[in-house]
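Visitor: Would you be able to build a 3D model of this:
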Amino acid sequence: METAGARLLAADLVPLMDHPRVIGLAEFMNFPGLLFKDLGCLEKLQAFRGRHVDGRAPLLRGKDLNGCISAGIRTGHEATSAEGALEKLRKGLRVLVREGSVSKDLHVLIPVLTERHAPFLAFCTDDRNPPDIAEHGHLEYMIRTAIALGAPPLAVYRAASLSAAEAFGLKDRGLIAPGKRADIAVIDTLDRRAQFGCDTGRAVPATGLPVPAGDPASEDHRPWHGGCGPVRGDRALAYCCGSNALPLSAAVNRRARTGQVTLWGSVARSVARRRKPKGKGLSARPVG
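Guide: Below is the predicted model of the structure:
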């Protein structure tokens, strides 16, 4: 398939299986070897049986696709047609919609990106080179493009967040909910880049650089009951609400003055905001 510069056997991979940062077998590429029952391929899949196995099944349909899925492969990023993606979804394979610098499948898969299918879709940038990332963006570029092409925003943001976390078994993130990791992005409108973010309770601006000491975003604000943090001028801020990492955090910007702001974090959620008595900031309550 490719020249990797090394030969990794099942015996080389097994010692790494229980490392805390290992969730499974990444991109099992040799699908011809699997279909023709190559012993080395089968040993790897047997070793990771019951764990996540990321696959690769370009143009596979019918019984060949059945064989790959039956062997334990759970995700694939080689869907290049809407019909092929739908077959994979119907057979239980989660589809990673790919939009890289060379391989670009987002446009052709837009018909599949619906609220019905979004729980079983995720986004993939295999591979996106640094100039493209710098000029256009990364996953947020896929989000903006998908919405511009007519995909439902809720489906798009779900695929970019909760669905991806669930596909890879990352149960501590992907959803703005009590007890989940506070990995949140704050945006002005649904098709713009993030203004501010919050990861495990630490506020991070869109540049990705740490918040300087003394910046309002670096302060530790205690949450109001069921609510969020305060407005700070025209800047969008994000705070983790307390030590339990309750991720329904403050996301307030200039639109908050109108009484309405949209918060899209790890999962899309619309919140209405109303002013509290002076000195008590804003609170939030879900409206949909």
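
Visitor: can we go C-alpha only for contacts and neighbour counts from here?
Guide: Will do.

Visitor: same question for stretch 59-69, mean pLDDT?
Guide: Across stretch 59-69, the average pLDDT comes to 95.

Visitor: Stretch 23-35 now?
Guide: 93.

Visitor: same thing with stretch 103-123?
Guide: Per-residue pLDDT over stretch 103-123 has a mean of 97.

Visitor: What lies in contact with that stretch?
Guide: Defining contact as C-alpha atoms under 8 Å, 6 or more residues apart in numbering, one finds that stretch 103-123 is touched by 79-82, 85-86, 89, 93-99, 126-127, 139, 142, 146, 149-152, 154-156, 158-164, 167.

Visitor: okay, it in PDB with CA atoms only?
Guide: Extracted in PDB, the C-alpha atoms of stretch 103-123 (Å, rounded to 0.1, in the frame of the first residue of the first chain):
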ATOM      1  CA  SER A 103      -8.600  14.400  -1.100                       C
ATOM      2  CA  LYS A 104     -11.800  16.400  -0.900                       C
ATOM      3  CA  ASP A 105     -15.100  14.600  -0.300                       C
ATOM      4  CA  LEU A 106     -17.100  17.200   1.700                       C
ATOM      5  CA  HIS A 107     -19.000  18.600  -1.300                       C
ATOM      6  CA  VAL A 108     -20.100  15.300  -2.600                       C
ATOM      7  CA  LEU A 109     -21.100  14.000   0.800                       C
ATOM      8  CA  ILE A 110     -23.300  17.000   1.800                       C
ATOM      9  CA  PRO A 111     -26.500  15.200   0.900                       C
ATOM     10  CA  VAL A 112     -25.700  12.600   3.600                       C
ATOM     11  CA  LEU A 113     -25.000  15.300   6.200                       C
ATOM     12  CA  THR A 114     -28.500  15.400   7.700                       C
ATOM     13  CA  GLU A 115     -29.800  15.500  11.300                       C
ATOM     14  CA  ARG A 116     -30.800  11.800  10.800                       C
ATOM     15  CA  HIS A 117     -27.300  10.700   9.800                       C
ATOM     16  CA  ALA A 118     -25.200  13.200  11.900                       C
ATOM     17  CA  PRO A 119     -25.000  10.900  15.000                       C
ATOM     18  CA  PHE A 120     -23.000   8.400  12.800                       C
ATOM     19  CA  LEU A 121     -20.800  11.000  10.900                       C
ATOM     20  CA  ALA A 122     -17.700  12.900  11.900                       C
ATOM     21  CA  PHE A 123     -15.300  15.200  10.100                       C
END
